[in-house]
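Student: coordinates for the following, if possible.
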Amino acid sequence: MSVAIKKQVLIIKAEGDAHTCADIARDALKKLVSSKSRTVVRAKLLPVFASVYAVSMNDGEGKAKGTKVLDSDASAYEACRKALGRTIVHICGAVSSSGKVEAPAKLTKSITKMIIDSGIDSAQFNALLAAVRSGVEFK
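Tutor: Numbering: from 1, shown residues only. Prediction:
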């Protein structure tokens, strides 16, 4: 094995390890702020991300009027914006172009498979959804 190839593979592994650490941190943040709306989560995290990435905040203009936004001229703007965006999606879920929150695809596929494999009928399915809805409480 060449040293050059091994070096590149080690870099890829470090990226994967960093990604795992970031997901662990996002999970911890989710526990701290998950009961909040997307707007509240963003408002709470924005100043912290801006501080950590050393990006100043400005008053929003246009549709962002009345809110704070990241300074797009800052050198770390893109990195901060992407990290904040990924974190908000991790905590609150993705939002479609229509503005609706999307269910996590992996979870949806798993649940759908379990329901199909169970062989329940329509009435049992409706009862299952009602039971799940009443049994889940968001903090």
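
Student: doesn't S72 make contact with G60?
Tutor: No: the pair G60 / S72 is not scored as a contact, 11.3 Å apart, by Cβ atoms under 8 Å. Every C-beta, even on glycine, is put in place using the N, C-alpha and C of the backbone.

Student: more crowded one of these two?
Tutor: Set G60 next to S72 and count neighbours by other Cβ atoms under 10 Å: G60 wins out with 13 against 10.

Student: for the more buried one, what are its contacts?
Tutor: By Cβ atoms under 8 Å, 6 or more residues apart in numbering, the residues touching G60 are 66-69.

Student: again with A43
Tutor: 67-68.

Student: picking that back up, show me which pair in the contacts of G60 is furthest apart.
Tutor: Using Cβ to Cβ, the contacts of G60 reach their maximum pairwise distance at G66 and V69, which is 10.6 Å.

Student: which of those two has more neighbours?
Tutor: Remark: of G66 and V69, V69 carries more neighbours, 16 against 8, as counted by other Cβ under 10 Å.

Student: just the element for the more buried one, please.
Tutor: strand 68-70 (DSSP states H and E).

Student: closest to L29 out of the contacts of G60?
Tutor: Of the contacts of G60, the one sitting nearest to L29 (Cβ to Cβ) turns out to be K68, at 18.9 Å.

Student: burial of the spatially closest residue to that closest one that is not a sequence neighbour, as a residue count?
Tutor: For K68, ignoring the flanking residues on the chain, the nearest one in space by Cβ to Cβ, 6 or more residues apart in numbering is M57 at 4.5 Å. Residues near M57, counting by other Cβ under 10 Å, number 16.

Student: surely M57 and S51 touch.
Tutor: No: the criterion here is Cβ under 8 Å, and M57 misses it with S51 at 9.2 Å.

Student: give the buried residues for the biggest helix by length in the chain.
Tutor: Secondary structure of the chain read by DSSP state H shows that its longest helix is helix 3-33. Buried residues in helix 3-33, counting neighbours by 16 or more other Cβ atoms under 10 Å, are found at 26, 29, 33.
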